[in-house]
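# Predicted model and sequence below, questions to follow.
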Amino acid sequence: MTDLEYDYIVVGAGSAGCVLANRLSADPANRVLLLEAGGRDSNTLFRLPMLMGRLMHSGIYNWKYYTEPEPHLDGRRVFWPRGKVLGGSSTINGMIYVRGNPADYDGWEQMGLPGWSYDKVLPLFKRSEAHVDRDDSFHGCAGELTVQRARGTNAMFDTYMNAGQQAGYDVTDDFNGASQEGFGRYDFTIRRGWRCSTATAFLAPAVRRPNLTVATRALARKVLLEGRRAVGVEYRSRRSVVTARALKEVVLAAGVVSSPHLLMLSGIGDAEDLGRHGISVAHHLPGVGKNVQDHVDCCLVHECRKPVSLRENLRVDRMTFGVMQAALFGTGFVTTFPYEAGSFIRSSADLDVPDIQTHFMPATEATANLHWSLPSFGRRRNVGEDHGTTIRIGPVVPKSRGHIALRSGDPEDAPRIHANYLGDRRDVDTAVAGVQLMREVMASRAFAGTLGRELEPGSDKRTDAQIAEWLIDAAMTTLHPVGSCRMGTDAEAVVDAELRVQGIDGLRVADASIMPIITRGNTNAPTIMIAEKASDLILDRSTPAEATL
């Protein structure tokens with residue numbers, strides 16, 4: 001067993017961990033160790049945005065988790081891909097940059113969490129951002145994370161926005177600007193045609209600092225405690241077990257699954273559950289692993305009567321040329337993401353803020369998963385067999401709550417994931433409302449003459465009750481799990497407003513698991529903001545001046 005000594009140890013080199021490693025090591029007096037269970041992002045092809053589908057569903061860079069049988073989905077086990085690589089899930093995600101709604105953060109502060117209101121976190125978002133297309137009071141241009149507007153040229157994106165406007169909704173130019181509500185195009189973390197993960201943006205510029213050590217293939221086994229203080233981490237590095245000591249703090253940035261798992265392996269969690277797995281209780285903290293939330297959604301799919309979808313680009317010959325063009329010049333359709341358009345809408349006029357999000361793609365899911373075809377060489381095909389549209393629809397403030405639980409006391413055993421999708425009837429009702437509202441949008445004159453049959457849910461499922469029944473087989477994750485180390489002020493909270501683990505000195509959690517309530521939208525940008533906030537708290541730095549809007 002080897003002993004090493006650092007000032008800070010960060011566990012997890014994902015969306016949050018890479019940011020923390022950069023910020024903490026900026027002071028050469030701080031010796032920082034960054035641990036990552038996965039390896040390096042060495043496959044350059046997977047950095048091309050259009051190949052995300054292959055990457056997400058492969059075993060490369062992926063923990064490949066599955067939930068336990070979901071009781072409200074007829075016992076289905078749902079695939080939970082999480083990044084196992086430098087950059088974490090930002091290396092395999094859809095690159096959509098959405099911060100959430102201002103009401104999300106104001107709601108956190110109203111829960112007794114000072115410093116988390118929208119006007120306090122907006123400067124943190126701006127600090128990270130290097131937006132190449134926007135320069136206003138909502139955006140930053142001098143950060144490390146490249147963000148840009150959508151650049152896809154398929155006309156169906158505009159058709160979708162026009163249809164939304166014809167159905168009575170607003171069109172917004174910027175989901176992260178003055179108003180989130182409406183139809184528009186997303187921004188993306190793409191740099192010169194390549195994925196801009198947090199490993200690319202934050203870790204690569206810092207990795208040569210002599211005071212930063214990055215250990216890959218290093219699986220954290222437990223946090224080392226002396227009494228009620230964290231003093232280091234034990235981890236497996238290939239075949240060796242290593243002990244690293246932290247003179248100042250240990251920071252868990254291992255994500256919604258691994259951060260609570262590591263706390264439990266370290267004896268921090270529900271005492272009864274720990275005892276069942278033979279783990280000595282260091283601190284009874286029953287909220288560890290609880291409060292799991294995720295955006296669940298479903299797909300409204302139509303055939304197209306015209307060859308207007310992305311399908312033609314996915315022929316083997318065109319895809320091969322597109323990959324070469326993207327790799328050499330950073331241009332072409334392979335440098336874009338298929339779900340470029342979307343919306344945030346309200347299921348009821350009585351609501352003040354959106355409760356439904358959509359992602360629109362001018363293709364079917366089968367096409368998006370890149371089942372590449374050969375050129376037809378003149379063979380005539382039915383257009384409807386190949387071309388279509390997909391809208392992913394789901395509630396953005398789910399009421400269902402799941403939990404992460406131990407499978408055993410062995411750090412090599414993945415924990416049990418109980419997502420509890422659709423466990424609260426209100427999530428079912430919101431999803432059903434979203435499907436019905438999007439049906440109205442797709443019936444707008446903008447799509448007249450273009451759309452063919454509705455493939456999913458299908459014309460035989462028209463009533464709310466029929467759609468609710470269909471959801472049992474159709475509901476899926478939007479890949480935004482959060483909340484398993486909830487920030488709060490009560491006995492069930494895992495961390496306080498400064499992200500310190502309750503009852504343990506020298507230990508913080510700084511990743512998406514600390515969210516008390518999930519944000520409205522994709523969760524990667526909020527996770528990066530959380531890491532920025534954590535770095536200020538750890539270094540006892542004042543937060544940037546509040547935004548003046």
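Received the coordinates, thanks. Numbers count the residues shown, from 1 in each chain.
# Just the buried positions in stretch 328-347, please.
When neighbours are counted by 16 or more other C-beta atoms under 10 Å, the buried residues of stretch 328-347 are found to be 332-347. C-beta: built from backbone N, CA, C; applies to glycine.
# got the CA positions of that stretch in PDB?
Output for stretch 328-347, consisting of C-alpha atoms alone and laid out as PDB, is shown next (Å, rounded to 0.1, in the frame of the first residue of the first chain):
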ATOM      1  CA  LEU A 328     -10.000  17.400 -41.400                       C
ATOM      2  CA  PHE A 329     -11.900  20.700 -41.400                       C
ATOM      3  CA  GLY A 330     -14.400  20.700 -38.500                       C
ATOM      4  CA  THR A 331     -17.300  21.300 -40.900                       C
ATOM      5  CA  GLY A 332     -20.300  19.400 -42.300                       C
ATOM      6  CA  PHE A 333     -23.300  17.500 -40.900                       C
ATOM      7  CA  VAL A 334     -21.200  15.200 -38.700                       C
ATOM      8  CA  THR A 335     -20.200  18.200 -36.600                       C
ATOM      9  CA  THR A 336     -23.800  18.800 -35.600                       C
ATOM     10  CA  PHE A 337     -26.200  17.000 -33.300                       C
ATOM     11  CA  PRO A 338     -29.500  15.600 -34.600                       C
ATOM     12  CA  TYR A 339     -31.700  17.000 -31.800                       C
ATOM     13  CA  GLU A 340     -31.100  20.700 -32.500                       C
ATOM     14  CA  ALA A 341     -34.500  22.200 -31.900                       C
ATOM     15  CA  GLY A 342     -36.900  22.000 -29.000                       C
ATOM     16  CA  SER A 343     -39.200  23.800 -26.700                       C
ATOM     17  CA  PHE A 344     -40.100  24.700 -23.100                       C
ATOM     18  CA  ILE A 345     -43.900  25.000 -22.700                       C
ATOM     19  CA  ARG A 346     -46.500  25.000 -20.000                       C
ATOM     20  CA  SER A 347     -49.100  22.200 -19.700                       C
END
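# coming back round to it: from the buried residues of stretch 328-347, which land in strands?
Among the buried residues of stretch 328-347, the members falling in strands (DSSP state E) are Ala341, Gly342, Ser343, Phe344, Ile345.
# in the stretch 301-450 of the chain, which spans are helices?
Counting by DSSP state H, counting those that start in this stretch, the stretch 301-450 of the chain forms helices over residues 316-329, 365-368, 383-386, 425-442, given from the N-terminal end onward.
# Provide the contact partners of the last one at residue level.
Contact with helix 425-442 is made by 160, 163-164, 167, 169, 296-298, 300, 302, 345, 347-348, 355-356, 358, 389, 391, 393-395, 398-400, 421-422, 451, 454, 457, 464, 467-468, 471, 475, as judged by C-beta atoms under 8 Å, 6 or more residues apart in numbering.
# just stretch 64-76 next, same as before
77-82, 257, 414, 416-423, 472-473, 475.
# neighbours of Met324, just the number please.
Applying other C-beta atoms under 10 Å, we find 12 other residues in the vicinity of Met324.
# what's the spacing between Gly59 and Leu86?
With the distance defined as C-beta to C-beta, to the nearest Å, Gly59 ends up 17 Å from Leu86.
# The two: which is more packed in?
Between Gly59 and Leu86, counting by other C-beta under 10 Å, Leu86 is the more crowded of the two (28 against 9).
# Give the residue spans of the stretch 301-450 of the chain that score low on pLDDT.
Regions of the stretch 301-450 of the chain meeting the criterion pLDDT under 70 cover residues 366-385.
# so where is the chain shaky, pLDDT-wise?
Along the chain, the model assigns pLDDT under 70 to residues 1-3, 54, 366-385, 543-549.
# run the last query once more with 50
Of all residues in the chain, those with pLDDT under 50 make up the ranges 1, 370-372, 374, 376-380, 545-549.
# In this structure Met515 contacts Ser484, no?
No: contact status for Met515 versus Ser484: not in contact, 9.3 Å apart, counting by C-beta atoms under 8 Å.
# Run through the neighbouring helices and strands of whichever strand or helix holds Val256.
Here Val256, judged by DSSP states H and E, is contained in helix 255-265. In terms of contact count using 3 or more C-beta pairs under 8 Å, 6 or more residues apart in numbering; DSSP states H and E, helix 255-265 is assigned the packing partners strand 2-11, strand 218-226, strand 240-252, strand 403-405.
# Please identify the most buried of those.
Of all the helices and strands packed on helix 255-265, strand 403-405 carries the top mean neighbour count, a mean of 23, counting by mean count of other C-beta atoms under 10 Å.
# Which parts of the stretch 101-250 of the chain are strands?
If DSSP state E, counting those that start in this stretch is used as the criterion, the strands of the stretch 101-250 of the chain fall at 129-131, 145-149, 182-185, 187-188, 190-191, 194-195, 212-215, 218-226, 229-237, 240-252.
# Between those, which one is closest to Leu328.
strand 194-195 (11.7 Å; C-beta to C-beta).
# so how far is the helix or strand following the closest one from its chain's centroid?
Scanning forward in sequence from strand 194-195 by DSSP H and E, the next helix or strand is helix 198. On the basis of C-alpha atoms, centre = their mean, to the nearest Å, helix 198 sits 12 Å off its chain's mean C-alpha point.
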